[in-house]
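A.B. asks: Pasting the sequence and the predicted coordinates here, then a few questions.
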Amino acid sequence: QVQLVESGGGLVQAGGSLRLSCAASGRTYRRYDMGWFRQAPGKEREFVAAISGGGVVTAYADSVKGRFTISRDNTKNTMYLQMNSLKPEDTAVYHCAAAQQSPSVPRTISEYAYWGQGTQVTVSS
């Protein structure tokens, strides 16, 4: 069982930056691939980024590639999402999620077994 808690959301102007954190419980944290998803009002939840258990392999949605960076610190059971050059279309509730390790970092909702409650990110124009 893994419990996830996100933090770091807020209101920022377009072009600004935010760093989200996802703190996880459990002693086997490094055995999980981790991901970030987001859901805007009236839209489906979508993949943002993912990182392997050891932190070596990462994957990004095309819409955030080059602007967002995912990382993790397994000594602190924490994952991060550094978001730069934010756009109004990045406005959403951001959720972190955990999945059993797989050969490739998972990108689909169904592959993730554990989810956090989410943190709101609002980007004003």
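C.D. replies: On my side now, so go ahead.

A.B. asks: Unless I misread the structure, Cys96 falls within a helix.
C.D. replies: No: assessed with DSSP: H, G, I helix; E, B strand; the rest coil, Cys96 is strand; it does not lie in a helix.

A.B. asks: Skipping its backbone neighbours, what lies nearest it in space?
C.D. replies: Nearest in space to Cys96, with sequence neighbours left out and distances taken as C-beta to C-beta, 6 or more residues apart in numbering, is Cys22 at 3.4 Å. Heads up, the C-betas are built off the backbone N, CA and C, glycines and all.

A.B. asks: got it, and Tyr80?
C.D. replies: Ser71 (4.9 Å).

A.B. asks: In the sheet, which residues pair with the one residue sitting closest to the centre of the chain? Tell me.
C.D. replies: In the chain, the centroid-proximal residue (C-alpha atoms, centre = their mean) is Trp36; its distance is 2.2 Å. Bridge pairing for Trp36 (DSSP bridges) gives the partners Ala49, Cys96.

A.B. asks: so it makes contact with Gln82?
C.D. replies: No: the pair Trp36 / Gln82 is not scored as a contact, 10.9 Å apart, by C-beta atoms under 8 Å.

A.B. asks: picking that back up, how would you label the residue nearest to Cys96: helix, strand or coil?
C.D. replies: When classified by three-state DSSP, Cys22 comes out as strand.

A.B. asks: per-residue confidence for it?
C.D. replies: Note on Cys22: pLDDT of 98.

A.B. asks: what's it in contact with, if anything?
C.D. replies: Neighbour list for Cys22: 4-7, 34, 36, 78-81, 96, 116 [criterion: C-beta atoms under 8 Å, 6 or more residues apart in numbering].
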